[in-house]
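Visitor: Make a model of this:
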Amino acid sequence: MAEKIARYHTLPASWWVSEEIYELEKRAIFSKSWILAMHSSRFTKTGDYFRIDIAGFPIILIHGKDGTIQGFHNVCRHRAYPIVNKESGNSLVLGCKYHGWSYDTKGSLIKAPGFETVPNFDKSANGLFKVATHTTRQGLIFVNFDSTPDITPFHEFYKGLEDEMDEFDFGEFEYVESWQQDGDFNWKTLLDGYNECYHCPTAHPSFSKVIQVPTYQVEPRHNYARHSAEVVAPDSNAKSTTVESRPAGSSWSSWLGFPSSASIDQSSIKIDELGGDKPGLWLSLFPLNGMNCFSYAWYYMRLVPKSAGRTVLEYDIFARKGEDPVKVREFIRFLKEVEIEDYDLCTLTQKNLKNGVYGTGQLHPDKENGVLYYQNLTNEFVMRHLEAEKAAGEQILPAFAGLEAMNEEGKGIDKSKLVMYYRAEC
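Guide: Predicted structure coming up:
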């Protein structure tokens, strides 16, 4: 009985407040996982680039001459100055503003002023550090910072995900806008709430009116989970209620796939079998993404952990091409309403997590199975990496792309410092 109860408890509160655990998560999880970065529709022509931060790693995504989108660390190979400082732009040459080193869209070094006369200088060995990318057939761009030969292939990490995403036609949508929130809470604080709807009746009153909360399910897959629920069908005979900014005759249910004027006999319908003309697709992608696709619009959420107590939430929002702009604005208002409610929950929860009173809490095995799944994955990734570090006697930094470029003296100095640091931490 004791084992069963322990299984349904949260991880200790220290996992939400400890900077040491956060740094371990960065090595064990963020450096080795596939993370959704962007959608390819954001890139319209050769040379388009975006500078983004993912899990503390600043990167560049750029549309190359060969039509592919590649990722690079935003770090000049000369003295580590950022190559790109603008959030986005277009250029076939990426030039460092420190010493003038320049790179092409493949990351190859094409100019290093003054190095023409330096003996044995090899341009081909000084290209930008690559970031592994995978673009799904739906156009979703994932990145992985693992620079080791042991990187997990995308389809092994997310078994079945790409096939499941075929249910939604992403090609019928276009980018509308981005939005972000800067939160004083741990990345897991947000994802704990994202992976259950147990809190919906009390925390999300608008959302709870359009779904049957008791039917909400989180189905674990392979490093991701599918969310579903039964939707309350709109009553065509009921008097329409409106709120500020809501177009007359609209309802939240219409966003979940129902036209607001539809006459539907059944009282509910599975989100996975939505009427309208598009199915719904709600996914939680371990470790740092959520993606919610509706009939008229869809969006993905990208969590950007900055420290144990700070996380930036970034959203890219897409609407169906040719959709009524009023409906699009209504969707964005609905999204922000729900996300701000979660943001407020996380801010106050994080304060109590770090005050030294709370230890662990018991989770409901059914209503919070998504939380259990997510926290168990976190624990597994961390413990597996920690065991590997203990066996090696030093920190293992999968994202460290610069080791091979070091000379032997540099490797020796760097390794000795890492070993001393690791022993001090342990």
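
Visitor: ok but Asn352 is inside a strand, no?
Guide: No - with DSSP: H, G, I helix; E, B strand; the rest coil as the criterion, Asn352 is located in helix rather than a strand.

Visitor: need the contact list for it.
Guide: Asn352 makes contacts with Tyr358, as judged by Cβ atoms under 8 Å, 6 or more residues apart in numbering. In this view, the C-beta of every residue, glycine as well, is placed from N, C-alpha and C.

Visitor: tally of neighbours for Glu177?
Guide: Applying other Cβ atoms under 10 Å, we find 12 residues neighbouring Glu177.

Visitor: Quick check: closest non-adjacent residue to it.
Guide: Ile317 (5.4 Å; Cβ to Cβ, 6 or more residues apart in numbering).

Visitor: Make sure I have this right: the one you found is in a strand.
Guide: Yes - applying three-state DSSP, one finds Ile317 inside a strand.

Visitor: Look up the pLDDT of it for me, please.
Guide: For Ile317, the pLDDT comes out at 96.

Visitor: wait, it sits on Ile332?
Guide: Yes - with contact defined as Cβ atoms under 8 Å, Ile317 and Ile332 form a contacting pair (6.0 Å).

Visitor: can you list residues touching both of the two?
Guide: Val176, Glu177, Trp179, Ala297.

Visitor: returning to that earlier point: return the residues in contact with the residue nearest to Glu177.
Guide: Counting by Cβ under 8 Å, 6+ apart, Ile317 has contacts Tyr175, Val176, Glu177, Ser178, Trp179, Ala297, Trp298, Tyr299, Phe331, Ile332, Leu335.

Visitor: residues in contact with the fourth one?
Guide: Think Ser178. Glu314, Tyr315, Asp316, Ile317.

Visitor: and the contacts of Ile317, which are buried?
Guide: The neighbour-count test (16 or more other Cβ atoms under 10 Å) marks Val176, Trp179, Ala297, Trp298, Tyr299, Phe331, Ile332, Leu335 as buried among these.

Visitor: I'd like to know the phi and psi angles of the third one, please.
Guide: Dihedral pair for Ala297: phi -160, psi 170, per degrees, to the nearest 10.

Visitor: partners of it in the sheet?
Guide: Ala319 (DSSP bridges).

Visitor: I figured it was touching Tyr315, is that so?
Guide: No - counting by Cβ under 8 Å, Ala297 does not reach Tyr315; the two are 11.5 Å apart.

Visitor: Quick one: find the helix or strand in the protein with the lowest mean pLDDT.
Guide: strand 268-270 (a mean of 35; mean pLDDT, DSSP states H and E).

Visitor: And the contacts of whatever helix or strand comes next after it?
Guide: Scanning forward in sequence from strand 268-270 by DSSP states H and E, the next helix or strand is strand 281-285. By Cβ under 8 Å, 6+ apart, the surrounding residues in contact with strand 281-285 are 36, 158, 161, 164-165, 167-168, 191, 194-195, 218, 223-228, 271, 290-293, 298, 370, 374.

Visitor: please redo it, this time with the cut-off set to 6 Å
Guide: For strand 281-285, contacts defined as Cβ atoms under 6 Å, 6 or more residues apart in numbering pick out Leu36, Glu167, Phe168, Asn195, Tyr224, Ala225, His227, Gly290, Met291, Asn292, Cys293.

Visitor: Count the neighbours of the first one for me.
Guide: Looking back up the chat, that one is Leu36. 22.

Visitor: Does anything pack onto the helix or strand hosting it? Which helices or strands?
Guide: Leu36 belongs to strand 35-39 when assigned by DSSP H and E. When contacts are defined as 3 or more Cβ pairs under 6 Å, 6 or more residues apart in numbering; DSSP states H and E, strand 35-39 sits against strand 140-144.

Visitor: Which strands and helices lie in contact with the strand it packs on?
Guide: strand 35-39, strand 130-135.

Visitor: can you redo the shared contacts of Ile317 and Ile332 as TSV with pLDDT?
Guide: What follows is the shared contacts of Ile317 and Ile332, written out as TSV (pLDDT from 0 to 100):
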residue	pLDDT
Val176	96
Glu177	95
Trp179	94
Ala297	90
